[in-house]
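Colleague: Sequence isn't available, so here's the structure alone:
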Ligand SMILES: [Zn+2]
């Protein structure tokens, strides 16, 4: 979960370029919808990040089809937009999860329900395939009306610590469990918003698994820090240093920063328990 910068691009210029690149019937339909799409863009910008209850634009069925087609059947300007959105280093890692590579564009407001935002750059969020698939076409919680997912381009991720991970050694295995806790000073509504994002994207499980995978790669460094003198404090210090680097780069709630902090405080792990993360994958 993290905020990303908006792409500096004129949304109507993009719209016009895509319309011009389309064949005649769809070009005409997009141009006929232009006024309403422009209004919808303005409403989106005014409401953001609370875009969950925007009215749908009054487009004809043909116009809606043309708008979706503008995204799904790519023209050169749409390919350029996709490339420009995805090629930025700042979004290379999926902002919804903070785990995987951004390989797709997620429509924050789904194009089925809101075809007017089908090629709106501010509605297109670089995303990994897993998050994009899990998010589906959902926007609002029907019971509470809270938006189900963070909008990485508009929602500010709170600096208060809300992500925690428990680490414990069980027999010779390291067990991780991630969860969210509401810090003092965070409203219930903000917390509900974070919780649904976390739950629906399956982040507890994904952080747990990728955390163990990550630690496997760190094993040699942990082993070196421990050294022949079996210095648990050096292991803890190394983990704290790593946590500080992660926090500086990605904020206090970054899942790897949390993991490093928790492990640094786990005496059993630092005192040789890290052997549990060693990967025995090479043939002996
Ligand atoms: Zn993701």
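Modeller: Perfect, thanks for sending it. Keep in mind the model is a prediction, meaning the values are calculated, not measured.

Colleague: Contact partners for residue 69?
Modeller: 22, 26 (C-beta atoms under 8 Å, 6 or more residues apart in numbering). For every residue, glycine as well, the C-beta is placed using N, CA and C.

Colleague: Which of the helices or strands spans it?
Modeller: According to DSSP states H and E, residue 69 maps onto helix 61-72.

Colleague: Kindly report the same for residue 217.
Modeller: Per DSSP H and E: helix 203-226 holds residue 217.

Colleague: and that helix with the ion, contact?
Modeller: No: using C-beta under 5 Å from the ion, helix 203-226 stays clear of the ion, coming no nearer than 8.3 Å.

Colleague: tell me which residues of the next helix or strand after that helix are tucked away?
Modeller: Heading C-terminal from helix 203-226, the first helix or strand you meet, by DSSP H and E, is helix 232-250. The neighbour-count check on helix 232-250 (16 or more other C-beta atoms under 10 Å) flags 232, 234, 235, 236, 238, 239, 242, 243, 246, 247, 250 as buried.

Colleague: what's the angle between helix 232-250 and helix 203-226?
Modeller: 130 degrees (axes from the mean of the first three to the mean of the last three C-alpha atoms, to 10 degrees).

Colleague: which helices and strands does the helix or strand just after helix 232-250 pack with?
Modeller: As assigned by DSSP H and E, the chain's next helix or strand after helix 232-250 is helix 255-264. On a contact count with 3 or more C-beta pairs under 8 Å, 6 or more residues apart in numbering; DSSP states H and E, helix 255-264 meets strand 163-170, strand 173-180, helix 203-226, helix 232-250, helix 267-270.

Colleague: Contacts only, for residue 227.
Modeller: Taking C-beta under 8 Å, 6+ apart as the test, what residue 227 contacts is residue 234.

Colleague: Next one: the residue in the stretch 151-284 of the chain positioned nearest to the ion from residue 222, what distance?
Modeller: Proximity of the stretch 151-284 of the chain to the ion (C-beta to the ion) peaks at residue 201, 6.9 Å away. Using C-beta to C-beta, to the nearest Å, residue 201 is found at 29 Å from residue 222.

Colleague: next one: residue 109
Modeller: Counting by C-beta to C-beta, the gap from residue 109 to residue 222 is 44 Å.

Colleague: go on, residue 236?
Modeller: 10 Å.

Colleague: Not counting residues beside it along the chain, what's closest to residue 203?
Modeller: Leaving aside its sequence neighbours, residue 203 sits nearest to residue 97 (C-beta to C-beta, 6 or more residues apart in numbering; 6.1 Å).

Colleague: and the one you found, what is it in contact with?
Modeller: 1, 128, 130, 131, 201, 203, 206.

Colleague: Mark which of those residues are part of helices, please.
Modeller: Under the assignment DSSP state H, the contacts of residue 97 contribute 130, 131, 203, 206 to helices.

Colleague: tell me the contacts of the residue positioned nearest the centre of the chain?
Modeller: A centroid search over the chain (C-alpha atoms, centre = their mean) returns residue 96, at 1.2 Å, as the residue closest to the centre. Residues in contact with residue 96 (C-beta under 8 Å, 6+ apart) are 1, 106, 125, 127, 128, 131, 135, 149, 150, 152, 197, 201.

Colleague: looking at the helices and strands packed on helix 255-264, which is closest to residue 17?
Modeller: Between residue 17 and the helices and strands packed on helix 255-264, the tightest spacing by C-beta to C-beta is seen for helix 232-250, at 34.5 Å.

Colleague: For the closest one, give the mean pLDDT please.
Modeller: Helix 232-250 carries an average pLDDT of 96.
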